[in-house]
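Asks: fold the following for me, if possible:
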Amino acid sequence: MVSPIRVGLIGLSASPTGTGWATSAHLPYLRKSPYYKITALLNSSVDNARKAVKAHSLGDDTKTYGSPEDLANDPNVDLVVVNTRVDRHAQVLLPSLLAGKDAFCEWPLDRNAEVARSMVDVAQSGGGKTITGLQGRFNPVVQTLRKLISDGRIGRPLSCTFIGSAGNGGATESYAIEYFVDRKVGGNILTIASGHSKKSD
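Replies: Next up is the predicted model:
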């Protein structure tokens, strides 16, 4: 049996607001899988990280951090997983990338292409392995459509219409995710949902 990959999870809140993606998607999988073990949490403060450890019944041996640099320096973290607001991805991840840690970052990488390029440059100089979470493209419906097109079963598409549904978007937005309507943040229903469903080549 291979030792589990030791994970430093960034953005797991004791009382999630916004999309709560760390709580609803990442945490259940990381806990269930024998291949991963959460060894550290990074939140906006050590106190908030401790509250999250308690709220989610993580082990007492889970390290808690309020500083990205402290997480980057933890020798018991192999993989850093980022689940914060889009415009905070680089801020919390760059120290770990520079330290050469492997990293999983949700899409979009950050608020704009310039910041995303700087993250890629730092990751390359650090030498760790990186992956961006674009799980939507692995949805069976998206995969079936991709195969139909690549096999030429429907001819050569000249245009398409993308229709989707989500729990947010429209004329009004929940206060908890009001940052979705702020273009400077870079995370919204278009950049996230569309990016997740884009084909990979």
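
Asks: any regions of the protein where pLDDT drops low?
Replies: 1, 17-19, 164-178, 180, 189-191, 193-201 (pLDDT under 70).

Asks: which residue ranges of it form helices?
Replies: Along the chain, the stretches classed as helices by DSSP state H are 21, 27-32, 46-55, 68-72, 89-98, 113-126, 140-150, 189, 195-197.

Asks: off-centre distance for the first one?
Replies: On the basis of Cα atoms, centre = their mean, to the nearest Å, the separation between the geometric centre of helix 21 and that of its chain is 8 Å.

Asks: tell me the helices and strands packed up against it.
Replies: In terms of contacts (3 or more Cβ pairs under 8 Å, 6 or more residues apart in numbering; DSSP states H and E), helix 21 is packed against no helix or strand at all. For every residue, glycine as well, the C-beta is placed using N, CA and C.

Asks: can you spell out the domain ranges of the protein, please?
Replies: For the chain, automatic domain parsing gives the domain ranges 5-133, 136-197.

Asks: quick one: end-to-end length of the first one, please.
Replies: Criterion Cα to Cα, to the nearest Å; first-to-last residue distance in domain 5-133 is 18 Å.

Asks: cool, stretch 147-154 as well?
Replies: End to end - Cα to Cα - stretch 147-154 spans 10 Å.

Asks: please name the residues that touch the residue of the chain most remote from its centre.
Replies: Using Cα atoms, centre = their mean, the residue of the chain lying farthest from its centre is residue 155. It sits 35.4 Å away. By Cβ atoms under 8 Å, 6 or more residues apart in numbering, no residues touch residue 155.

Asks: how about the one 3 residues further on?
Replies: Residue 158 makes contact with no residue under the criterion Cβ under 8 Å, 6+ apart.

Asks: gap between it and residue 146?
Replies: From residue 158 across to residue 146, the span is 17 Å (Cβ to Cβ, to the nearest Å).

Asks: what does residue 41 give?
Replies: To residue 146, residue 41 is 36 Å away according to Cβ to Cβ.

Asks: of the two, which one has the most company?
Replies: Ranked by neighbour count (other Cβ atoms under 10 Å), residue 41 and residue 146 place residue 41 first, with 28 against 14.

Asks: having no further points to raise, I will conclude here.
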